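# Sequence and predicted structure below; questions after.
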Amino acid sequence: MTDDLAWETIDSRTSYSCEGFDILTDTVRFPSGEEAEFDYLTEGESVVVLPFTPDGDVVAIEQWRQPVGRVNLALPAGGIEAEDADPAECVARELEEETGYLPGEVEHLTTVEPANGFSDAVFHYFVARDCEQRSEQDLDYNEDIRVETTTFDALVDAAREDELRDGRSMLGVLYFALFGEE
């Protein structure tokens, strides 16, 4: 059954393409019958990892973010690639690439569409436990990442004090604070 609020996609084309994302332009028909173009960013699915060490610290990263012109405190995150059979498999790869840590147990927390008014981005959140440093970082050419460990309480405090500005990380930390520990 089709929802009476649904838009009909008449045509879709890539208007702009770059490394990391594309801008699509859909020609759509609204429920009223009117037609228009709608542009949105498409970037595929990603994982965001809340990694705990065996001692209970959190492995966090600091990374330059060009659009906002500053280094941001964040959780490790990255795109799901073709060789990743599912999001959980991507967790170990991304965590090791960005931090050199490998996870023990991995548990799915939640999945969100953070900006579905203008993007098809999907973030799969995971908590990884018993993470241990086993290798060096294996960063992409355009990644410069500093790895640190901190307490979960310090991340919650950073969220409260507007010091945790990365939206993906903020959501992961607050979600875990509310629903993660039973």
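Everything's here; your move. Residues are numbered from 1 along each chain as shown.

# Residue 41 in helix, strand or coil?
Using DSSP: H, G, I helix; E, B strand; the rest coil, the structure places residue 41 in strand.

# Please name the nearest non-neighbouring residue to it.
Counting by CB to CB, 6 or more residues apart in numbering, residue 41 lies nearest to residue 119, which is 4.3 Å off, once chain neighbours are set aside. For glycine as for every other residue, the C-beta is placed from the backbone atoms N, C-alpha and C.

# which residues touch the one you found?
40, 41, 42, 43 (CB atoms under 8 Å, 6 or more residues apart in numbering).

# Tell me which residue of this protein is furthest from the middle?
In the chain, the residue that sits farthest from the middle, by CA atoms, centre = their mean, is residue 33; the gap is 35.9 Å.

# Show me the strands in this protein, by range?
Ranges of strands in the chain, per DSSP state E, are 8-18, 21-29, 35-42, 45-51, 58-65, 70-74, 77-79, 101-102, 106-112, 122-128, 132-133, 145-150.

# sorry, back to before: buried ones only from the contacts of residue 119, please, as a PyMOL command.
In PyMOL syntax, the buried subset of the contacts of residue 119 is picked out as below (16 or more other CB atoms under 10 Å):
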select buried, resi 40
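
# Distance to residue 86 and pLDDT added to the contacts of residue 119, as TSV?
Listed next are the contacts of residue 119 as TSV, based on distance: CB to CB, whole Å; pLDDT from 0 to 100:
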residue	distance to residue 86	pLDDT
40	25	97
41	24	96
42	20	96
43	18	92
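
# can you redo the contacts of residue 119 as a markdown table with distance to residue 103?
Output for those, formatted as a markdown table (distance: CB to CB, whole Å):
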| residue | distance to residue 103 |
| --- | --- |
| 40 | 33 |
| 41 | 29 |
| 42 | 28 |
| 43 | 24 |
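
# and of the contacts of residue 119, the nearest to residue 151?
residue 43 (31.4 Å; CB to CB).

# which non-adjacent residue is nearest that closest one?
Of all residues not flanking residue 43 in the chain, residue 21 sits nearest, at 4.0 Å (CB to CB, 6+ apart).

# now this protein, which segments are flagged as low pLDDT?
For the chain, the stretches with pLDDT under 70 are 1, 181-182.
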